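In: here's a sequence, model it:
(2 chains)
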2 protein chains.
Amino acid sequence: MLLRDLDHSETDQNTLSLLRNWVRHGDEKAIKEFFNKANPYKIAEWIGHERKKIQIALFRALDLPLATEVFDYLPPRLQKRFLYSVSQDQAGRLLAALSSDDRTAFLQEMPRSVINDLLKFLPVDVKTETLTLLGYPKGSIGRLMTPNYLAIKSDWTVEKVMDHLLEHGHDSETLTLLYVVDDQGKLIDDIRLRDLLFVPRTDTVESLMDHQFIALQVDDDDETAIAIFRRYDRTALPVVDHNGMLLGIVTIDDVLRLSDREATEDIQKIGGQEALDEPYMDIPFLTLMKKRAGWLVVLFLGEMLTATALSYFEVQISKAVVLALFLPLIISSGGNAGSQATTLIIRAMALGEVKLRDWWRVIRRELASGLFLGIILGAVGFARIALWSQFSTIYGEHWILVAWTIFFALIGVVLWGTLSGAVFPLILRFLKIDPATSSAPFVATAVDVTGIIIYFLTAITILSGTLL
Amino acid sequence: MLLRDLDHSETDQNTLSLLRNWVRHGDEKAIKEFFNKANPYKIAEWIGHERKKIQIALFRALDLPLATEVFDYLPPRLQKRFLYSVSQDQAGRLLAALSSDDRTAFLQEMPRSVINDLLKFLPVDVKTETLTLLGYPKGSIGRLMTPNYLAIKSDWTVEKVMDHLLEHGHDSETLTLLYVVDDQGKLIDDIRLRDLLFVPRTDTVESLMDHQFIALQVDDDDETAIAIFRRYDRTALPVVDHNGMLLGIVTIDDVLRLSDREATEDIQKIGGQEALDEPYMDIPFLTLMKKRAGWLVVLFLGEMLTATALSYFEVQISKAVVLALFLPLIISSGGNAGSQATTLIIRAMALGEVKLRDWWRVIRRELASGLFLGIILGAVGFARIALWSQFSTIYGEHWILVAWTIFFALIGVVLWGTLSGAVFPLILRFLKIDPATSSAPFVATAVDVTGIIIYFLTAITILSGTLL
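Out: Alright, predicted model coming up:
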């Protein structure tokens, strides 16, 4: 049977209505029977599609061994919901069944008091392990570690390694790589299991070692870890402390999740808001508003400077109302150009393509870009006014001067927007602030104010003596 | 030795100047000796840090077996550069040494004629395999496949599987999972290698099977594949055709790369430009301009409608210049609100959190958000005008009416911006266009034009008989 159900297939719809019916009639036995024959993935899927009440009823119908399997496939918010819906004793058993990295990821989202309650119900060894992992700072690689790996010694024979594997391999998260440690527990090499399979059983581990390996430091941050995984194409990496002692491993499935989360945060910040940290559909309304209103008000206060800037040019506007007509066009072009540059640079820095030391190359490149793009937009703007003036008198007898004003103002504003858009993220990185914080609308707002000044100064220069 | 060098360490700097010196003196022997003792990762790193000329000299100094290892760690643009710098015969050998998924990824970026030249130099079996993979449509999972997996039969004993593994395991990309096929080559199950290690060698594969597995379809697109990997935490997944025949496997390291690329594309589109498809520092200037100028001109043409819209309100502006002062503030607030909503929805859809069928919940949620945020900004705007008017006469005797105009216009514009920002991506998804195309600046431009109309209609309603 092939398990696939990204879209609601018809069978799924039938199953769902069947389940719903059983819940409505309290027929727990039917649910149990059906679930016992189904696959844990699919059960997690079906439960995910239901409304809250039915979800809880379905989950409660699961026998404990199956429940823990299903639990592992559920998204964190459902895990949380179910954990609160069962007894603390059961909750402890569910948690104990999670792999240790998933357990840490889950617990770190819970309030301190709940963590303490739950920890009581974990077996002693699991509790110790969990407390250790929770001891590492949030956002550090320590939090993602699992201590379930296979460590071997260099003087072991392949035979002994295989015996060790048979005895302890069950709990290991990966068998692709085995980690060689010395007597103090210091990591000295990694060896691929496959390399062991193809040599005589009497060979020692030592003979297979090249003493070269890649490891993460326990206080590496998420970004560093993602970058190393990207670079070396590994499915798992060992984590060491400052003395090189092996502490655990990190697997690539966690890194995929991490890299998604980093991208989501960046996209949301580029959109001019705080990172949500929760799925859009699940985040409570007031939390959503808090994340959005804050930046929106900051941007609004910044944008108020446009009114102040414009008030200096009130005389010019009342003399030549035509200047007001092009105001939104001019400043939004600067904003759009800035938004392009800033998103490009933010993403390139997140991927490690652009580093701080490249600042001069970036500025040179964006200077050229801004000039190029400004001339194109300026030419389009000039053409539009020239064309319109053949059929209408809307721009008056001095339309050619108005057209030149728009042409030069656009070059100035686009050039300025592009440059600021590129330089803002570099400055933020220099100040060790996340560059994504210099979100596109933030740049646009900054560019709006200066754009107004550029526009009216150009107008005064060109139109003085005629319109002004 | 621990290999880590995200930042330029001092040792790296020394190595680089050493290498540069050898190149300058044409001392190929010293380079060879040094490289033969170094690690391929590090060599790839060092080469990556050099300028073009030195890069090529260094790469040419590598002996072929080492060169192929280093080649595998290089970024595609360097691979391309080096392939052109060596003889076609050598190029063929380098390519043949790549894993087949990496080879396909690499070749698909080359012009057709170059592909044909290079294919000539590949061994026959590699050539056939490469041509098959290149036959799948770009952006489909077929292109990412590697045919290097281990397929076993259900009636084999564990003993036989292990023998098969010893004989054929060398070339397999992963040993974590073995794939069980029937006599026709149809995939019927997957089995973890570790499960085989812990049962008697006389057991059959059949006894370990649960006939439940997850597979990708060969014409699945990238997004679907990423979603399935995200959901099931696998390090590799088998790929089948429409008849369920096993064609190859896809490994998670390729999926990590894919998911990065998708996020980059979305971020660049949100920034109001075409996806670059190349690292920012490597893309030629004119290509960069093409990707950016196109959308910028489209947005500019759209933004021209603001001038048209404003021209209808010329009379009002000349009567009450104060209205022009707040114009950028009002429309940019709508744009910022829209930009928040649109990035939220685009990302939530990319992660599969929001589906098309959720449209009504999204609209309800954003309606409430828009109203809430509009009232906050409106209140701030009102307060600012009220406050200023205590100290200045800039807003005239009717300042309270101006303040109400701003208050209501902001509510209207923010509400409208938020709603359009949320609905645009949904409509695009419905039309089967990538929602990221409804980039934030695009929404902002659309909102600018309607924002002007909302603003002036509010003004006419409130100020008629006094200022207007």
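
In: residues contacting the closest residue to chain B within the stretch 301-450 of chain A?
Out: Using CB to the nearest CB, the single residue of the stretch 301-450 of chain A nearest to chain B is A:Thr343, 2.8 Å away. The C-beta positions use only the backbone N, C-alpha and C, and glycine is treated the same way. Taking CB atoms under 8 Å, 6 or more residues apart in numbering or on different chains, we find A:Thr343 in contact with A:270, A:440, B:267-268, B:270-273.

In: count the neighbours of the residue in the stretch 151-300 of chain A that chain B sits nearest to for me.
Out: Residue nearest to chain B within the stretch 151-300 of chain A (CB to the nearest CB): A:Gly271, separated by 2.8 Å. A:Gly271 has 28 neighbours, counted by other CB atoms under 10 Å in any protein chain shown.

In: what sits against it?
Out: A:439-441, B:270, B:339-340, B:342-344, B:440.

In: give me the element the closest residue to it other than its chain neighbours is part of.
Out: In this structure, A:Gly271 finds its nearest non-sequential neighbour in B:Thr343, 2.8 Å apart by CB to CB, 6 or more residues apart in numbering or on different chains. Per DSSP states H and E: B:Thr343 is located in helix B:327-350.

In: how about the residue of the stretch 151-300 of chain A closest to chain B, phi and psi?
Out: phi -70, psi 0 (degrees, to the nearest 10).

In: ok, back up a step: ok and the helix holding B:Thr343 relative to helix A:327-350, angle-wise?
Out: 40 degrees (axes from the mean of the first three to the mean of the last three CA atoms, to 10 degrees).

In: tell me how far helix B:327-350 lies from the chain's centre.
Out: Distance of helix B:327-350 from its chain centroid, counting by CA atoms, centre = their mean, to the nearest Å, is 21 Å.

In: pLDDT of it, averaged?
Out: The average of the pLDDT scores along helix B:327-350 is 90.

In: by mean pLDDT, flag the weakest helix or strand of chain A.
Out: helix A:112-120 (a mean of 74; mean pLDDT, DSSP states H and E).

In: in that one, what's buried?
Out: By neighbour count on 16 or more other CB atoms under 10 Å in any protein chain shown, the buried set for helix A:112-120 is A:114-115, A:118-119.

In: for chain B, state which of those residues is nearest.
Out: Closest to chain B, out of all of those and judged by CB to the nearest CB, is A:Leu118, at 22.6 Å.

In: ok, the closest one - contacts?
Out: A:Leu118 neighbours (CB under 8 Å, 6+ apart): A:83, A:88, A:91-92, A:95, A:107, A:110.

In: then A:Ala422?
Out: A:Ala422 touches A:341-342, A:344-345, A:362-363, A:365-366, counting by CB under 8 Å, 6+ apart.

In: then it would be within a helix, right?
Out: Yes. Assignment of A:Ala422 by DSSP: H, G, I helix; E, B strand; the rest coil places it within a helix.

In: and it, how far is that from A:Ile462?
Out: 28 Å (CB to CB, to the nearest Å).

In: that older thread, whichever helix or strand comes after the least confident helix or strand of chain A to helix A:112-120, inter-axis angle?
Out: Remark: after helix A:112-120, the chain's next helix or strand is helix A:124-134, criterion DSSP H and E. Angle, helix A:124-134 to helix A:112-120, by the same axes, to 10 degrees: 150 degrees.

In: quick one: buried residues of helix A:124-134?
Out: A:126-127, A:129-130, A:132-134.

In: so who does A:Leu131 touch?
Out: A:Leu119.

In: what distance do you get for it to chain B?
Out: From A:Leu131 across to chain B, the span is 24 Å (CB to the nearest CB, to the nearest Å).

In: distance check, that residue against A:Thr445.
Out: 46 Å.

In: I'd like the contacts of A:Ala422 as a markdown table, with neighbour count appended.
Out: Compiled in a markdown table, the contacts of A:Ala422 are given as follows (neighbours: other CB atoms under 10 Å in any protein chain shown):
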| residue | neighbour count |
| --- | --- |
| A:Ala341 | 30 |
| A:Thr342 | 30 |
| A:Leu344 | 31 |
| A:Ile345 | 27 |
| A:Val362 | 24 |
| A:Ile363 | 14 |
| A:Arg365 | 21 |
| A:Glu366 | 23 |
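
In: can you put those residues in CSV and add distance to B:Pro200?
Out: Listed next are the contacts of A:Ala422 as CSV, based on distance: CB to CB, whole Å:
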residue, distance to B:Pro200
A:Ala341, 65
A:Thr342, 63
A:Leu344, 59
A:Ile345, 60
A:Val362, 63
A:Ile363, 68
A:Arg365, 65
A:Glu366, 67
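
In: which of these lies closest to B:Ala383?
Out: For the contacts of A:Ala422, the residue nearest B:Ala383 by CB to CB is A:Thr342; the value is 30.3 Å.

In: residues touching that closest one, list them.
Out: A:270, A:421-422, A:424-425, A:438-440, A:443, B:271.

In: mind putting these in JSON lines, pLDDT and distance to A:Asp155 included?
Out: Shown next, in JSON lines, are the contacts of A:Thr342 (pLDDT from 0 to 100; distance: CB to CB, whole Å):
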{"residue": "A:Ile270", "pLDDT": "83", "distance to A:Asp155": "54"}
{"residue": "A:Gly421", "pLDDT": "92", "distance to A:Asp155": "59"}
{"residue": "A:Ala422", "pLDDT": "93", "distance to A:Asp155": "56"}
{"residue": "A:Phe424", "pLDDT": "91", "distance to A:Asp155": "57"}
{"residue": "A:Pro425", "pLDDT": "91", "distance to A:Asp155": "52"}
{"residue": "A:Ser438", "pLDDT": "64", "distance to A:Asp155": "55"}
{"residue": "A:Ser439", "pLDDT": "69", "distance to A:Asp155": "56"}
{"residue": "A:Ala440", "pLDDT": "75", "distance to A:Asp155": "58"}
{"residue": "A:Val443", "pLDDT": "85", "distance to A:Asp155": "60"}
{"residue": "B:Gly271", "pLDDT": "81", "distance to A:Asp155": "57"}
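
In: make CSV from these and add distance to A:Gly334 to it.
Out: Conversion of the contacts of A:Thr342 to CSV gives the following (distance: CB to CB, whole Å):
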residue, distance to A:Gly334
A:Ile270, 17
A:Gly421, 9
A:Ala422, 13
A:Phe424, 13
A:Pro425, 17
A:Ser438, 16
A:Ser439, 16
A:Ala440, 12
A:Val443, 9
B:Gly271, 14
